[in-house]
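Undergrad: how does the following fold in three dimensions:
(chains A and B)
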Amino acid sequence: MPTLNSPRFASRFSALVAGLTLLVGSMALFGHLADMDSLKGVLRHWVPMKPNTALAFIFIGLALALSLTPTRQWPWLTLTPARQRLGIRLLTALPLLIGLATLSEYLFNWELGIDTLLVSSAADAAQHAHAQRMAPETAFCHMVLASAMLLKTLLHNRRTILISAFCSLVVVGLAVSSLSTYFSPSLGVFGWMGLNVMAGDTALLFILLGLASFLEICTQQHFSWQLGSTTTAGFALGMLLLIVIFLTVIRTQYQTSEINGRLSQSEMLFAKSAAIFSDVTQNQSHVLSFLLTNDLRFLNASLVASDRARLKLDELNHFRSRTPAEAWLYLPLEVRVDEILDWSRETTAQSRNGLTDERRKAAIERGNALLSRLSRGFDQQASEHDQYIAELKRQSEYVRRTSFLTITLSMLGSIALFALVLLRTNTLVSERDRARQVLLESEQQYRTLADSGQALIWTAGTDTLCNYFNKVWLAFTGRSWAQEIGNGWTEGVHPDDYQHCVDVYVKSFEQRRKFSMLYRLRRHDGEYRWIQDDGAPRYDLAGNFIGYIGYCLDITEHWLADEALRESELRFRKLLNEIESVAVQGYSDDLSVNYWNKASENLYGYTAEEAFGRQLTDLIIPPEMQAQVRQDIAAMFASGQPIATGELSLQRQDGSRVDVISSHAVVVVPGKPPEFFCVDIDISERKRTEAELEQYRNHLQDLVASRTAELAEAKNVAEAANRAKSSFLANMSHEIRTPMNAIIGLSHLLRKETDAAPALDKLGKINDAAQHLLGVINNILDLSKIEAGRLAIEENAFSPAEIVATTLTMLNERARSKGLKLLSTLDETVPSRLLGDALRLSQILINLVGNAVKFSEHGQITVRLKLAGEDEHSVILLLEVEDQGIGLSAEQQGVIFRAFVQADDSSTRKYGGSGLGLAISRHLARSMGGDISVSSQLGLGSTFRASVRLKKIISAAEPQSDTHLASALEDIIRQRFAGVPILLAEDDLISREIAIELLQLAGLTVDAVGNGREAVDKVRNGDYPIVIMDMQMPGMGGLEATRAIRQLPGRQHRPVILAMTANAFDENRQDCLAAGMNDHLGKPVDPDALYATLLRWLEITTPNA
Amino acid sequence: MRIKRYSLLMVLAPLLALSACAPSEPIHIGYLGALSGRGSDLGTGGLNGTRLAIELRNNAGGIKGRPLELIEADDQQDPETARKALDRLIAHRVAAVIGPMTSAMAMATVAQINQEKLVMLSPTVTSGDLSGLDDYFFRVIPATRHFVKTNADYYFHTLGLRRLRLVYDVRNKSYSESWLDEFSKTFLAMGGSLLPPISFASSDETHFPQLATRALAGNPQAIIIVGNSVDAAMLCQSLRRSNAKVAIGTSEWAATERLPLLGGKAAEGITVAQFFDRESNAPDYQAFKQAYQKRFSREPGFAELLAFDAANVIFDALAAQGPKQTLKQVILSQKTFRGSFAPIRFDAFGDTAGKTFMATIRNGHFVSLPPPDTSVPSVPSVPSVN
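TA: The predicted structure is shown next:
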């Protein structure tokens, strides 16, 4: 059911009212024109509508109908809003003018002739001057209603509408008031003034029209009447009551003043009549006096009184003419006064001409009679006057009471109604305020939502122009709202995307549908970012389209990642698809095919189109395997573990079999059913080949057997050759060393024996040459061992300081001969004893110091022993050898550690040497966990640093033997151990001779034997602290003899057996030590080394010598 | 703003309509004259003339749509009362005052109206004391000196009288003395002689027989009474009782209807100076006369006529008054106004010129006499002197 507020109801009601107005108006007008009383008014016995009123109603009805007509194209007319407005203005102008003209007629007493313009009836004109004139309130209502309608077409804002609504209510109020005239004469508008009364039909039509107009206004968009129908009715009733009050006040004032006027006039009339009475009485008495005395003074006085009476009578008449209501009251008085005045005039006139006594008497009697009659009349009039006054006062009181009651009741009613309306309005307003507050908060919340996210949000109006951008957007583009508004934002769109962007936007707008588009938008730093813009149409609560809203996200990162992903996906897809030999198939969990690459097409004969959607088991699984396959796959899906790779024989489309290696994978994407992939490689070819190979296998076995035999033999040959080579090397070494021993030993001895300088010089040169040769041999042997990987590093306790001292002692002579000083410093932190290969360490040291000596012409050579590092188990020992020799260039420094390389070819010629020393030293240092480096300046000298890692000795240190740094070991031995018997077992005569002589030079007693057996015998029978034993001897070798000695009772530790042999290899030394020997001296024997070794062992074996 | 004007109009329209229902504010016109007492005939006549003028003018639509309302004030021929009466008129904000009817009252009130700048137009005051003054006092008849010559001529030439006695009322001294002076100068200049004038104060106690005896002493050829109609009538009676022969005349003052009515036989044949020609056929006069008779059932006298003319002058001036004009300015600038006999012309001092007419009483009615014939020698008869 439509409420009073609904526009539909309002327009329907208005349409109804417009039709009714037209009908009634036309009917009344026709009735007047045709002079048919039955048509002049709908309501019989009530005042009929006036012709002008009817005409105005027709126009108002037309205007209302026109205002309700939808503006669109009719078959005969295109009704535009402008035309509609113009029409309404023209139609409402006439009622307005009629109303104005009629009101003017009333106000200014004009006769414009409009009342009888349409209908002129002689009878009417005679009956009443303004019989056809519309009532003033009708004119006013026409004017106000037409003004309200006109106003609506002129201006369309809230204030105009309010005025129109007010006008409509005024019309309703006036019409209701006018209508009430018919029910009570005390009500009504201007009727009681004697003016025409609004016709009943007119009043009813005005009520309907006013209501229609008001309702229509209430439902205007600009003016939403939110008070509800009850409140509205209350307000309207309140307004009506106010109008009633207004009219009552006017009427009361009018009536009261009228009554008061009548009262005062009545009093005045009475006063005048009393004065007249008095004057006439005087006149009469003066006339009587004049008659009796004939004194002119009485005559004059009577004339004066008469004049005065006439003046007052004149005034009285004048007033009477203005107040016809009371004219009758004073008529008798006037007549009687006239009688007396006439009498006095006649009597005085007669008396001037002379009067007889009788006539005078008669005149006097008549005068008295007239006076008493006048007196009676006056009394009568006085009482009538009193009654009249009382009646007027009663009327006044009645008016006062009724108006008081009306005003009081109406006032109370309107106050109550307005209070109710106010309360209701207050409730509504407070509700609205609350709603507004809620709305504001909501808006704030949404604003926060809009501004605090990452989305760029915009809205547009129905004109496609953007009217809002959130802060995120503005911060993103770095532009102001004013710059972005409207179409400003498109300036930031990438030129390449612009057209697309605008096309999508405009097209979506036209079709009112959602859109989602990608484009690049310039960020504040000038970089174009990929934006995903999702737009959707917006609608208000009533469902009217109000524009668009869009959310944009910077998806550049996603975009790039997606791009990469797509690329990768494409790559792999292409790879899988294009690869020729690997057939890949994908299956969903129901085993239907969802991937089938080209290789699969080739392998199984199904095209991808044929394969898609079909079951794995229907395609390539042979019937006998199907049960197993299903089971396996079910297990695989259950466990997630792929079926193990295996060889399978599967079925092609044509039914033939194909052998494949099949691998499987289960791919599980979260939230989706698992997928299953098969990767098959065609191995039919390989199978064929294997079959062929199998055929040859037995034959091959025979071949292999014979070949193995050949190889074994070849191996034996090779091993024999190797052994021969080793033996050869050993023999070579032995064979060279033996004569070298003789050369070195003999030259040493010779130097002892001669003082001749030339001879000494030559011996020195022989010794040097021999030493050099020996070094070359040693180096070659070491190198060969290194290359064969057989260089072994031993681990024995030793004293580093001792090593240094010994080495320096050995080279001291050579240095001194070149005029060089050999110095050594020992870091205190270096442990006294360490575990390591002392021999190799001294080899390094000898090599470095030897080089220093070799390449220095002057200055000093400093050897430093330092601790470069230390941990729980080991130390890193640093040997520094600094000379002031020729130095090395940077290039030379880079190559000197290579084998067979010397710093300078020319230097080879100058200084000689095999160029192996540094290479071997580096190898040794590295073998001992260290290295060798050099820093040098050409011409200024070099510093070589060798580092080695040596183990600490955790247990208590062995008693340390004194270090002898004496220059002549030989002298020390002779002084301390002269006569100590030494057993020498040596088969080579020269070697034996040299050894004997060397030992004897040191004061030792030598017993020499030629083989092992003799040596065993000598030891068994004698007590030799030291036995020097060759290894290769006829009969019993040194090793055998040593073992025999050690098996002798009490000879496990004594004598000390020193090997002195040309078998100088480490393995020879190991063999010696294994056999029970205590030390090993390689040939050729360096006398200093011999003495040093002897001294060390002598100090142990013969401490108290 | 437009809307505000519209809405204001909408609200004001009904109010304007209601206010327009009330009748227009009337214009108050004051009338000052003696309406009581023994000599009230002049004042009463003037009032009736004024009333007639107002009624006619109101019937014709008033002045500029506004009706005229007459406020009457009774001076009782007493200066103090007159001033109070004028105050009452001023309190009623009258637009102008018509009156007073006697010179004594004019002299008593002229200062007041000058102070109030209120135009006072007198129908009948002729005192020379007020001539030639730039004040707010106007009059529609000339000052005494303009017409006394006619009287003198009449008595000297037409009636041939040479020895006259003037009896005058000191209660209206300004008028009577100026009349006396002017007449004396003129008459003496003509060659006549005047017995010493006799004065009296008009009242009911005046002993007219005695006054008549005194007047007749020295045997004047004629006795001219300068007094009101009642005094004139009573003196006439006393004179006739003592001497039926002596010629009696009156000044214009006495020429009211009361004179024949009261004088009766005694007043028959006396010479009466008149401000107007009662037998004139001037259309305006006839119209007035008819209107007056219709309205009051009587013949109008000079007071009625002149008051009627004076009232019309005021009305015409009011009708012609511009927005920033005073009434005095209008009268002085327009100068000429319509009168019942002839146009009324004002000089710069608000005085007018005019003439007087001689009449006598026959059978209780005024009868015009032919204009004075200066060539005819004087014949002793029953003259009246004014």
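Undergrad: B:Pro197: how many residues sit nearby?
TA: A total of 18 residues lie near B:Pro197 under the criterion other C-beta atoms under 10 Å in any protein chain shown. Using the backbone N, CA and C atoms, a C-beta is placed for each residue, glycine as well.
Undergrad: pairing partners for the one helix or strand it maps to, with directions?
TA: Assigned by DSSP states H and E, B:Pro197 belongs to strand B:193-200. Within its sheet, strand B:193-200 is paired with strand B:163-169 (parallel), according to DSSP bridges.
Undergrad: circling back: any buried residues in the next helix or strand after the strand holding B:Pro197, and which?
TA: The first helix or strand that comes after strand B:193-200 along the chain, using DSSP H and E, is helix B:208-216. Buried positions in helix B:208-216, judged by neighbour count with 16 or more other C-beta atoms under 10 Å in any protein chain shown: B:208, B:211-212, B:215-216.
Undergrad: would you format those as a markdown table with pLDDT and distance to A:Cys141 included?
TA: Listed next are the buried residues of helix B:208-216 as a markdown table, based on pLDDT from 0 to 100; distance: C-beta to C-beta, whole Å:
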| residue | pLDDT | distance to A:Cys141 |
| --- | --- | --- |
| B:Phe208 | 90 | 77 |
| B:Leu211 | 91 | 79 |
| B:Ala212 | 91 | 82 |
| B:Ala215 | 91 | 82 |
| B:Leu216 | 91 | 86 |
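Undergrad: on that earlier part again, the strand holding B:Pro197 to helix B:208-216, inter-axis angle?
TA: For strand B:193-200 against helix B:208-216, the angle by axes from the mean of the first three to the mean of the last three C-alpha atoms, to 10 degrees is 160 degrees.
Undergrad: mind listing what's buried in strand B:193-200?
TA: For strand B:193-200, burial by neighbour count (16+ other C-beta under 10 Å) applies to B:194-195, B:197-200.
Undergrad: quick one, what contacts A:Gln860?
TA: A:820-823, A:883-884 (C-beta atoms under 8 Å, 6 or more residues apart in numbering or on different chains).
Undergrad: try A:Gly461
TA: Counting by C-beta under 8 Å, 6+ apart, A:Gly461 makes contact with A:467, A:546-547.
Undergrad: next one: it from chain B, what distance?
TA: Between A:Gly461 and chain B the distance is 28 Å, computed by C-beta to the nearest C-beta, to the nearest Å.
Undergrad: ramachandran angles for that residue?
TA: Phi and psi for A:Gly461, reported as degrees, to the nearest 10, are phi -90, psi -170.
Undergrad: ok, the one 3 residues further on next?
TA: When read as degrees, to the nearest 10, the backbone of A:Thr464 gives phi 70, psi 0.
Undergrad: pretty sure it contacts A:Ser508?
TA: No - A:Thr464 is not in contact with A:Ser508 according to C-beta atoms under 8 Å; the separation is 9.9 Å.
Undergrad: intersection of neighbour lists for those two?
TA: Residues touching both A:Thr464 and A:Ser508 by C-beta under 8 Å, 6+ apart: A:Tyr548.
Undergrad: quickly note the distance from A:Leu749 to A:Ser817.
TA: For A:Leu749, the distance to A:Ser817 equals 19 Å [C-beta to C-beta, to the nearest Å].
Undergrad: more neighbours, these two?
TA: Comparing A:Leu749 with A:Ser817 by other C-beta under 10 Å, the one with more neighbours is A:Leu749, at 17 against 11.
Undergrad: setting aside sequence neighbours, what's the nearest residue to that one?
TA: Residue nearest to A:Leu749 in three dimensions, not counting chain neighbours: A:Glu997, with 5.2 Å by C-beta to C-beta, 6 or more residues apart in numbering or on different chains.
Undergrad: which helix or strand contains the one you found?
TA: Here A:Glu997 is assigned to helix A:989-1001, by DSSP H and E.
Undergrad: give me the buried positions along that helix.
TA: Of the residues in helix A:989-1001, A:991-999, A:1001 count as buried by neighbour count, 16+ other C-beta under 10 Å.
Undergrad: can I get the residues you listed in a markdown table with pLDDT?
TA: Converted to a markdown table, the buried residues of helix A:989-1001 look like this (pLDDT from 0 to 100):
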| residue | pLDDT |
| --- | --- |
| A:Ser991 | 84 |
| A:Arg992 | 85 |
| A:Glu993 | 86 |
| A:Ile994 | 85 |
| A:Ala995 | 86 |
| A:Ile996 | 87 |
| A:Glu997 | 84 |
| A:Leu998 | 84 |
| A:Leu999 | 85 |
| A:Leu1001 | 82 |
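Undergrad: which residue ranges form the strands in the stretch 51-200 of chain B?
TA: With DSSP state E, counting those that start in this stretch as the criterion, the stretch 51-200 of chain B has strands at B:68-74, B:96-98, B:120-122, B:137-139, B:163-169, B:193-200.
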